[in-house]
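Participant: sequence and predicted model, in that order:
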Amino acid sequence: MLEIDAKGAYYRDLNRQVREAVARGEKEIRLKNVNGQYYIGDGLRGASVITIEGVPGNDLAAFMDGPTLRVKGNAQDNIANTMNSGKVIIEGNAGDVLGYGMRGGKLHIRGSVGYRVGIHMKGMKKQAPTIIVGGCAGDFFGEYMAGGVLILLGLDDRDGAPLVGDYLGTGMHGGVIYVRGEVDKDICGAEVGVMDPDDEDRKVLMESLTEYCKDFGLELEEVMKKGFKKLVPVSSRPYGNLYAY
Amino acid sequence: MDHDYQKDISGCGLTGLISRKRQRKSGGDIVKSLCLMNDRGNGLGAGYAAYGIYPEFKDFYAFHIMYDDPSVRWTAEEYLRNNYHIEKIEEIPTFPVKAIPISPLLVRYFMRPLKDKMVGDVQEEDFVVNSVMKVNSEIEGAYIFSSGKNMGAFKGVGNPCDIAEFFRIEEYEGYIWTAHTRFPTNTPGWWGGAHPFTLLDWSIVHNGEISSYGINKRYLEMYGYRLTLLTDTEVAAYLLDLLIRRHGLDIPTACAALAAPFWKKIDAMDPEEREALTALRLTYGSALLNGPFSILFGHSKGLVGINDRIKLRPLVAASKDDMVYMASEESAIRAICPSPEKVWAPRAGDPVIVELED
């Protein structure tokens, strides 16, 4: 295992060290004292496991294609932008615009997330991304979603905060959102239908959450105790007539 | 410069801190926090504001003025001498920094208005505001960029670290600090355009762009404000002065006018609240700040952080003991407070209001 002390390191120097280590075939890397360094794991390929101690900067795991990143604390904005494959595990909270245009791989967050999570996520057949959020989420969850799976669990005491913010799934035209708990139709985008999960959905949930629970040492049974709602786009071209008048 | 200039966009990084118990902190912390976000700016503007830095002159208005040309100084000072008792004049202490080869002449004044110049029922603070507007719009090449009591703004064209070194920020001690690094996109990166923007003891740092600048500007002009600094953020400083000081709104109400809830939310409120918010939106429609923003505003009694209504710019807050921190990035807070007791992301449009203890 390789340890890199990131204390005070400029992001370019830190990321160069990481890339060189991965190119050498280093399978396990631990970054210590990270604070605010941008672009960690960006465009990285291979199967390395990188543990990050501290708060990584914005644009973590953008375009990442293979590796596993585990963040021991909170993370910031713009994680997993256009990520292709691999996995990002965040033990704390994360910020806004996560999984922008994400096209594959997994993003597992134990805590809560900000606004616009899963925006423009996309997927096709087996190439599909999954984001699972353990806490609550801000407005525009799954905005313009085109594919993949978004799961929101609301596991923790929210201190009065809503499970999910307003404009849920606004502009959604593909993929599926699962919310553990009830969903008020008033907060959903016009094109979103709220329904109960079927057997196929339960299979997807079981499979995704088994892995999620393993990542964070949670009891799957506890998580599955509460019912889920399923959100999907119910109109294929909701704005087809927008310019037709 | 032409104060009818209309373009208005900026994008940036900001940070602020407050000791609720008024413990004065050296500028070292805020510099460290801002410099961590160096890459959010592009070297075309950085600045700091601090409260509690001039205790020996706390009853005087501290004017910080930049002069494009030393000859302008005499014109401005003639005006000041005619209208103010000037307790002290000095050049703002600076340190030579390689990366800042040229700078305006920077002078500060500790003053109070001459009683016989305040005719009628003009209040002292109105008199000061009028002076700032007059100098900034009528004396070519002179800009008052700070005019509060026991506080000051320090700003210019450069990177956060260079501007800090230039103005010797670490030598000041304040109980509220805000700071900003700028990434101007289509307005000039000039000394007056750096943040913070201030008026009296209001200071603003801002990340984003205020798309409603034109409406806000015309609204403020009706009340005698003149917008001279070529940047959108200027409207936020003057709107706070108008809404809070002149119209007497409290801070939560002023925030609800600047970042008003959407009608959809207002319609879902209890009747009393709905009526109040409806009246506020109708009265202050032209004060509504539209477009993406996160803003920190400091004043003599506290620090406030606020986002636009759909959170199009980042803002993170944290607290430890009597300290509260707010910044564009959590790492900028952890750079100076590695283990906060609480870290949270304020919700869109919900202000974080922190007040000093008496």
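Facilitator: Now that the structure is in, tell me what you want to look at.
Participant: so which bits of the stretch 1-150 of chain B are right by chain A?
Facilitator: Contact residues, the stretch 1-150 of chain B versus chain A (Cβ under 8 Å from any Cβ of the partner chain): B:36, B:37, B:39. (Each C-beta comes from the backbone N, C-alpha and C, glycine too.)
Participant: try 6 Å this time
Facilitator: residue B:36 (Cβ under 6 Å from any Cβ of the partner chain).
Participant: cool, the stretch 251-358 of chain B as well?
Facilitator: B:311, B:314, B:329, B:330, B:331, B:334, B:345.
Participant: would you confirm that the second one contacts residue B:328?
Facilitator: Yes - at 5.0 Å, residue B:314 counts as touching residue B:328 under the criterion of Cβ atoms under 6 Å.
Participant: neighbours around residue B:100, how many?
Facilitator: Neighbour count for residue B:100, taken as other Cβ atoms under 10 Å in any protein chain shown: 18.
Participant: and it, that's in a helix?
Facilitator: No - assignment of residue B:100 by DSSP: H, G, I helix; E, B strand; the rest coil gives coil, placing it outside any helix.
Participant: returning to what we had before: which one among the residues of the stretch 251-358 of chain B next to chain A gets closest to chain A?
Facilitator: Among these, residue B:331 lies closest to chain A (Cβ to the nearest Cβ), at 2.9 Å.
Participant: quick check: closest non-adjacent residue to the closest one.
Facilitator: residue A:36 (2.9 Å; Cβ to Cβ, 6 or more residues apart in numbering or on different chains).
Participant: can you check residue B:64 too?
Facilitator: residue B:146 (3.7 Å).
Participant: and that neighbour, how many neighbours?
Facilitator: Neighbours of residue B:146 (other Cβ under 10 Å): 27.
Participant: confidence score at the residue nearest to residue B:331?
Facilitator: Here, the pLDDT recorded for residue A:36 equals 97.
Participant: count of neighbours near it?
Facilitator: Neighbours of residue A:36 using other Cβ under 10 Å come to 23.
Participant: related to what we said a few turns ago, and the two most separated of the residues of the stretch 251-358 of chain B next to chain A?
Facilitator: Between any two of those, the greatest separation by Cβ to Cβ is 21.1 Å, found for B:311 and B:334.
Participant: which one's more surrounded, those two?
Facilitator: Set residue B:311 next to residue B:334 and count neighbours by other Cβ under 10 Å: residue B:311 wins out with 27 against 24.
Participant: ok so the more buried one is a strand residue?
Facilitator: No - assessed by three-state DSSP, residue B:311 does not belong to a strand; its assignment is coil.
Participant: hmm, residue A:4 is touching residue A:32, no?
Facilitator: No - the pair residue A:4 / residue A:32 is not scored as a contact, 7.0 Å apart, by Cβ under 6 Å.
Participant: quick one, which of these two is more surrounded?
Facilitator: residue A:4 (17 against 14).
Participant: show me the contacts for the more buried one.
Facilitator: By Cβ atoms under 6 Å, 6 or more residues apart in numbering or on different chains, the contact list for residue A:4 reads A:17, A:31.
Participant: same question, residue B:201
Facilitator: Residue B:201 touches B:148, B:151, B:299, B:300, counting by Cβ under 6 Å, 6+ apart.
Participant: repeat that for residue A:176.
Facilitator: Per Cβ under 6 Å, 6+ apart, neighbours of residue A:176: A:149, A:232.
Participant: okay, the helix or strand that it is a member of in PDB with CA atoms only?
Facilitator: Residue A:176 belongs to strand A:174-180 when assigned by DSSP states H and E. Output of strand A:174-180 as PDB, limited to C-alpha atoms (Å, rounded to 0.1, in the frame of the first residue of the first chain):
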ATOM      1  CA  GLY A 174     -35.600   8.200 -18.300                       C
ATOM      2  CA  GLY A 175     -34.200   6.100 -15.400                       C
ATOM      3  CA  VAL A 176     -35.800   5.500 -12.100                       C
ATOM      4  CA  ILE A 177     -35.800   7.200  -8.600                       C
ATOM      5  CA  TYR A 178     -36.600   5.200  -5.500                       C
ATOM      6  CA  VAL A 179     -37.400   7.100  -2.300                       C
ATOM      7  CA  ARG A 180     -37.700   5.300   1.000                       C
END
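Participant: how about residue B:73, phi and psi?
Facilitator: phi -50, psi -40 (degrees, to the nearest 10).
Participant: and it, how far from residue A:80?
Facilitator: 55 Å (Cβ to Cβ, to the nearest Å).
Participant: these two: which has the busier surroundings?
Facilitator: residue A:80 (34 against 17).
Participant: just to be sure, that one is in a strand?
Facilitator: No - according to three-state DSSP, residue A:80 belongs to no strand; its state is coil.
Participant: report all helices and strands that the lowest-mean-pLDDT helix or strand in chain B contacts.
Facilitator: Here the helix or strand of chain B ranked lowest by mean pLDDT, DSSP states H and E is strand B:10-19, holding a mean of 86. For strand B:10-19, the elements it packs on are strand B:176-184, strand B:202-208, strand B:323-327, judged by 3 or more Cβ pairs under 6 Å, 6 or more residues apart in numbering or on different chains; DSSP states H and E.
Participant: can you add mean pLDDT and mean neighbour count and give those strands back as JSON lines?
Facilitator: Formatted as JSON lines, those follow (pLDDT from 0 to 100; neighbours: other Cβ atoms under 10 Å in any protein chain shown):
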{"stretch": "strand B:176-184", "mean pLDDT": "94", "mean neighbour count": "29"}
{"stretch": "strand B:202-208", "mean pLDDT": "94", "mean neighbour count": "28"}
{"stretch": "strand B:323-327", "mean pLDDT": "98", "mean neighbour count": "27"}
